[in-house]
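**Student:** My questions are about this predicted structure, shown below with the sequence.
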Amino acid sequence: MSPGKALLAAVSDFKVWVMALSLTSMVISLSFNQFFPTLTKTLGYSNTISLLLCAPPFVFATICAFITARHSDKTQERSFHVIAPLCVGLIGFIMAMSTEKTAPRYVALFLMASSYSGFVVFYAWISNSFPRPAMKRSIAIALINAFSQLGNVSGAYIFPKAWGPTYEKSYGICIACFVACMGGVFVHRWTLSRLNRQLEAQDNHGGVEPTNLGKPAIAMPRGFRYVL
């Protein structure tokens with residue numbers, strides 16, 4: 001497939017834009033990482049202590065991401081390994097906006113940081129969702145990743161100082177974007193399930209008809225199934 005045809009196939013594939021919008025929504029919610037020292041400062045400690053308090057939540061997030069990604073690979077399942085960490089993050093956002101007590105707010109930061117596990121698994125799912133041709137997959141990965149950076153741009157404006165120290169409006173935006181992301185994940189899972197049913201049907205009939213919601217379609221090898 002020529003580069004031009006691969007580009008056309010990627011930009012005309014419904015799955016690419018569902019994943020791009022879903023990842024963008026997730027990135028907006030994860031923009032709290034840009035303001036993490038500001039959020040730990042709301043706990044009432046000095047600047048030095050506030051900066052030190054930034055480390056443990058992301059050490060915890062690293063452990064969670066490793067365990068989640070390993071389990072996702074072992075079970076060959078992606079969607080619920082994305083959704084589950086986002087649900088934990090939602091709990092963290094709700095806790096953070098519901099109390100001003102120090103301990104619950106710090107625990108909330110751990111839960112929020114752990115939602116990065118879903119981000120890690122989502123990236124693996126992108127590659128799984130566009131197996132061939134290789135050039136289309138490369139373009140799809142680059143396009144989704146580049147488009148999602150709009151989330152970092154807009155996320156830089158959702159924690160203004162005027163909304164502190166509770167940042168209820170900021171957390172409300174994060175909650176809404178996580179919910180939107182989960183909606184996109186369910187849509188993508190449904191799309192891939194539909195394609196898997198088509199692939200199973202053509203395997204049962206011994207055919208290798210091209211089966212894809214994107215254009216142009218591409219034939220998949222017998223026995224291939226998309227990872228859900």
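**Tutor:** Happy to help now that I have it.
**Student:** which stretches of this protein have low pLDDT?
**Tutor:** In the prediction, the chain carries residues with pLDDT under 70 at positions 206-219.
**Student:** what about the longest helix in it?
**Tutor:** The helix of greatest length in the chain, counted in residues with DSSP state H as the criterion, is given as helix 168-204.
**Student:** list the buried ones in it?
**Tutor:** Using 16 or more other Cβ atoms under 10 Å as the test for burial, helix 168-204 gives 170-171, 173-175, 177-178, 180-182, 184-185, 187-189, 191-192, 195-196, 199, 202-203. C-beta: built from backbone N, CA, C; applies to glycine.
**Student:** other SSEs contacting that helix?
**Tutor:** For helix 168-204, the packing partners by 3 or more Cβ pairs under 8 Å, 6 or more residues apart in numbering; DSSP states H and E come out as helix 14-29, helix 79-98, helix 116-129.
**Student:** export the ones you listed to TSV and tack on distance to residue 54 and mean neighbour count?
**Tutor:** Output for the helices and strands packed on helix 168-204, formatted as TSV (distance: least, Cβ to Cβ, whole Å; neighbours: other Cβ atoms under 10 Å):
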stretch	distance to residue 54	mean neighbour count
helix 14-29	18	23
helix 79-98	15	20
helix 116-129	14	21
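**Student:** now the angle between helix 116-129 and the longest helix of the chain, please.
**Tutor:** Compare the direction of helix 168-204 with that of helix 116-129 by axes from the mean of the first three to the mean of the last three Cα atoms, to 10 degrees and you get 30 degrees.
**Student:** Show me how far helix 168-204 is from its chain's centre.
**Tutor:** The chain centroid and the centroid of helix 168-204 are separated by 10 Å under Cα atoms, centre = their mean, to the nearest Å.
**Student:** swap in stretch 129-146?
**Tutor:** Shown here is stretch 129-146, whose average C-alpha point lies 16 Å from the average C-alpha point of the whole chain (Cα atoms, centre = their mean).
**Student:** Dump that stretch to PDB, restricted to CA.
**Tutor:** Output of stretch 129-146 as PDB, limited to C-alpha atoms (Å, rounded to 0.1, in the frame of the first residue of the first chain):
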ATOM      1  CA  SER A 129      -6.900  -2.200  16.700                       C
ATOM      2  CA  PHE A 130      -5.000  -1.600  13.400                       C
ATOM      3  CA  PRO A 131      -3.000  -4.800  12.700                       C
ATOM      4  CA  ARG A 132      -2.500  -4.300   9.000                       C
ATOM      5  CA  PRO A 133      -1.300  -3.000   6.700                       C
ATOM      6  CA  ALA A 134       1.700  -1.900   8.700                       C
ATOM      7  CA  MET A 135       1.800   1.600   7.100                       C
ATOM      8  CA  LYS A 136      -1.800   2.300   8.000                       C
ATOM      9  CA  ARG A 137      -1.100   1.200  11.500                       C
ATOM     10  CA  SER A 138       1.800   3.600  11.800                       C
ATOM     11  CA  ILE A 139      -0.200   6.500  10.500                       C
ATOM     12  CA  ALA A 140      -3.100   5.600  12.800                       C
ATOM     13  CA  ILE A 141      -0.900   5.500  15.900                       C
ATOM     14  CA  ALA A 142       0.700   8.800  15.000                       C
ATOM     15  CA  LEU A 143      -2.600  10.500  14.100                       C
ATOM     16  CA  ILE A 144      -4.300   9.400  17.300                       C
ATOM     17  CA  ASN A 145      -1.300  10.400  19.400                       C
ATOM     18  CA  ALA A 146      -0.900  13.800  17.800                       C
END
